[in-house]
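> got a predicted model here, sequence first, then my questions.
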Amino acid sequence: MSATGRNEKREEGGVSYSSAVLTAAPGPDQPPSPSPAPGAPRARIAAVVAVAVLIVVLAAAVGMAMGGSTTPTQQANAKARDYAAGKPKAHAPFTATDAGFSMDFPAAPKRQEQQVPAGATSLRLVQYTSELSSDVGFSAGWFRLPQPPAPDGVKTFLDATVNGSVAAIKGKLLGSQSLTVGTDPAVEYTASATQGHFVKARTILVGSDVYILQVVSDRQDPVGYGRFVSSFRLTSPRR
C-alpha cells in the first residue's frame, strides 16, 4: 500500500492504534507496492488464501446492502443511532458458538455458511449479517487459515487482505490503519464501493483465525460502527 501521513500510537477502549496510515488505492501512474519481506513466505500464502475468502465476504456484504430491503435508509440510520447510543431494544447481544465470538448487533443476525475455494484447499466461512435497509448492514465473519502467518509476515498478510478486498469490490481505498485489539494484530480500513456505498471494516488475526467485522453504509463513517467493533469478544481458545 502507498502511505502518506504520520505514525501515531494511542489507546482507546482496549484497542491500541499502533500506526495510523492514510492510503490511496494505486492508480495507473503509481509505482507498484514494494515486495513483501523475503522472510515472510507463509504470509504471502496465507494472504492469497485469506483474500479468496474476503472476496466472498465483502461481495456478500455489498450485495446485501444493495439487496431487496424496503426499509428507508433514513429509518435504518435512525435505528443505527439508537444502537450506537445503547438504547434498550436497539441491540441484540449474540454469541456465535461455531465461530468463537460474541457481539452486539443492531438486530438479530442471519447466519450463512459456505465452503470457499482457496488454491488447493477450501475454507469454511461462517458469516452473520444484520441488514437494516438496502443501504445499511452489519456483518461479522470468521474463517481459519491452514496455518498462521509467520510473526514477521503479519503486516504483509493484513496489508494484502486490505488491497485484495478493495480490488474485489472494485472500490477505492480511502484510508487504513494498523491496530492491536487486545494483544492481536488487526487492520481497519474504509473503502468506497459502487452505487454510493461505503465499507468500513476491521480484520483481526487471532493465531490461525481471521475475523472480519464490517459495516456497509451510505455514509463514509457509518453510524454504529464504533459500538459494533468494540463489542467484539472472543469466546473460544486461540488456535
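Received, thanks.
> right, and residue 215 touches residue 138 too?
Yes. In this structure, residue 215 is within contact of residue 138 by CB atoms under 8 Å, at 5.3 Å. Placement of C-beta: from N, CA and C, glycine included.
> overlap in contacts, these two.
Counting by CB atoms under 8 Å, 6 or more residues apart in numbering, the contacts common to residue 215 and residue 138 are 224, 228.
> how about residue 227, what does it touch?
With CB under 8 Å, 6+ apart, residue 227 has these contacts: 83-84, 86, 91, 104.
> any figure for the gap between residue 148 and residue 205?
The span separating residue 148 from residue 205 equals 7 Å under the rule CB to CB, to the nearest Å.
> what of residue 151?
Remark: distance between residue 151 and residue 205 (CB to CB) = 11 Å.
> more neighbours, those two?
residue 205 (22 against 11; other CB atoms under 10 Å).
> and that one, which of the three is it?
Judged by DSSP: H, G, I helix; E, B strand; the rest coil, the three-state class of residue 205 is strand.
> nearest residue to it in space, please, no chain neighbours.
Excluding the flanking residues, the one nearest residue 205 by CB to CB, 6 or more residues apart in numbering is residue 185, at 5.3 Å.
> could you give the mean pLDDT of the helix or strand encompassing the one you found?
According to DSSP states H and E, residue 185 maps onto strand 184-192. For strand 184-192, mean pLDDT is 95.
> ok, stretch 167-180 next?
On average, stretch 167-180 scores 89.
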